[in-house]
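[1] quick one: sequence plus predicted model below, questions after.
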Protein chains: 2
Amino acid sequence: MKKISLGSNIFEFPMPVTLLGTSVGGRANFMALGWISRANANPPLVVIGVGNHHYSIRGLRESKTFSINYPGADMRIATDYCGIVTGESTDKSKVFDVYYGVLKTAPLIAECPLAFECRLVQEVPLQSNSLFIGEIVESYTEERYLTAGKPDIKKMNPLLLTMPDNRYWTVGECAGAAWHDGREYKRS
Amino acid sequence: MKKISLGSNIFEFPMPVTLLGTSVGGRANFMALGWISRANANPPLVVIGVGNHHYSIRGLRESKTFSINYPGADMRIATDYCGIVTGESTDKSKVFDVYYGVLKTAPLIAECPLAFECRLVQEVPLQSNSLFIGEIVESYTEERYLTAGKPDIKKMNPLLLTMPDNRYWTVGECAGAAWHDGREYKRS
């Protein structure tokens, strides 16, 4: 089992594909975002990593609100488009049907099976990127994406991203039960 | 398209399944970790969210190093076990074959198709959890997991996690090319 080096520029593997929604100068803007994680259990906080050169940063700092939207696999082309063009030179406010929730300034995407809105609570400046920590205040879905009242990932059909091969993936088969299957573990 | 609320306690959807490796009092310890994201492009930084009550926190602060290991789907039972029992009362140092890299104090899991080691550079205390930002210094795989020199996700076969249904998933079919398919986008 000989190990070989892949260097230091390794990415979370795979990353979820989301669309970050911000309001810049009062106009909705969206960028493709894979650098996201839950940050805190209680209160519910999320952390995102955004390149310091991104137009979305202006919106984060202006309104101190943002949305995270999970596109279904059928939204691949529009999602990827939002990762290719910048809001600085391209108006992306009409790419999706936009609605607003309780925060009023975080644009949400109607076509996305799951979306949530956040209030910015902290910014952690790093070298080429910054972390933005937001408190999740509300989340939205539709009845057709639920099974027994819970989000059903096979119905939502989100996208995953791998780098450096730059490919999108869907979610495959159910592989087991978390906080359960480990009970079968036997020490050898 | 009537939107319904799912409340504020929404999780990244889906989360990658990793094992966080730390050295606590000189002994290797592993916990299942889904709260992880790349944080910075250059230098390569990663951010993880860990509950303040976790035993792994001691190791992060003691050695100021850690590892992130991606178990294959065939490692589901041992991985889930590491998410059920705490290092405080259970010695998890023998669950996997452990090796060390350039940092010497970040235990890496030989069975995992992909692993990397980090030097802790910053801690961001939150309410119930803390964020730990680490610089990736080296990553490891094996020749059999590569295609054309790049990590092949179908060969590595990592696990994903959804909550609150608490299920593991594998990665499905390739769905497209990132920073490419968006060129087909046509404004309607």
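    Looks like it arrived, so ask away.
[2] quick one: contacts of the least confident helix or strand in chain A by mean pLDDT?
    Across the helices and strands of chain A, mean confidence by mean pLDDT, DSSP states H and E is lowest for strand A:150-151: a mean of 90. Contacts of strand A:150-151 from elsewhere in the structure, counted by CB atoms under 8 Å, 6 or more residues apart in numbering or on different chains, are A:L114, A:T141, A:Y145, B:L6, B:F13, B:T162, B:P164, B:D165. The way it works is simple: take the backbone N, C-alpha and C, and place the C-beta from them, glycine included.
[3] switch those residues over to a markdown table; also include neighbour count.
    Supplementary listing: the contacts of strand A:150-151 in a markdown table, determined by neighbours: other CB atoms under 10 Å in any protein chain shown:
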| residue | neighbour count |
| --- | --- |
| A:L114 | 23 |
| A:T141 | 23 |
| A:Y145 | 20 |
| B:L6 | 20 |
| B:F13 | 23 |
| B:T162 | 25 |
| B:P164 | 12 |
| B:D165 | 15 |
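[4] which residues of chain A score low on pLDDT?
    Counting by pLDDT under 70, chain A has low-confidence residues at A:188.
[5] let me see the ranges of the helices in chain A.
    If you assign secondary structure with DSSP state H, the helices in chain A sit at A:56-63, A:76-84, A:153-156.
[6] dump those helices to CSV, plus mean neighbour count and distance to A:S93.
    Converted to CSV, these look like this (neighbours: other CB atoms under 10 Å in any protein chain shown; distance: least, CB to CB, whole Å):
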stretch, mean neighbour count, distance to A:S93
helix A:56-63, 20, 11
helix A:76-84, 22, 11
helix A:153-156, 19, 24
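[7] quick one: closest of those to chain B.
    helix A:76-84 (3.3 Å; CB to the nearest CB).
[8] next one: the closest one to chain centre, how far?
    Distance of helix A:76-84 from its chain centroid, counting by CA atoms, centre = their mean, to the nearest Å, is 13 Å.
[9] what do you get for stretch A:39-47?
    Relative to the chain's own centre, stretch A:39-47 is displaced by 14 Å; criterion: CA atoms, centre = their mean.
[10] end-to-end on that stretch?
    Criterion CA to CA, to the nearest Å; first-to-last residue distance in stretch A:39-47 is 6 Å.
[11] now do it: everything it contacts.
    A:36-38, A:68, A:116, A:118, A:121, A:131-136, B:8-10, B:12, B:35, B:37, B:47, B:49, B:51, B:126-129, B:131.
[12] just the buried ones from these, in PyMOL syntax?
    Here is the PyMOL command that selects the buried residues among the contacts of stretch A:39-47 (16 or more other CB atoms under 10 Å in any protein chain shown):
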select buried, (chain A and resi 36+37+38+68+116+118+131+132+133+134+135+136) or (chain B and resi 10+12+35+37+47+49+126+129+131)
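[13] give me the subset of the contacts of stretch A:39-47 that lies in strands.
    Taking DSSP state E as the definition of strands, the contacts of stretch A:39-47 contribute A:36-38, A:68, A:116, A:118, A:121, A:131-136, B:37, B:47, B:49, B:51, B:129, B:131.
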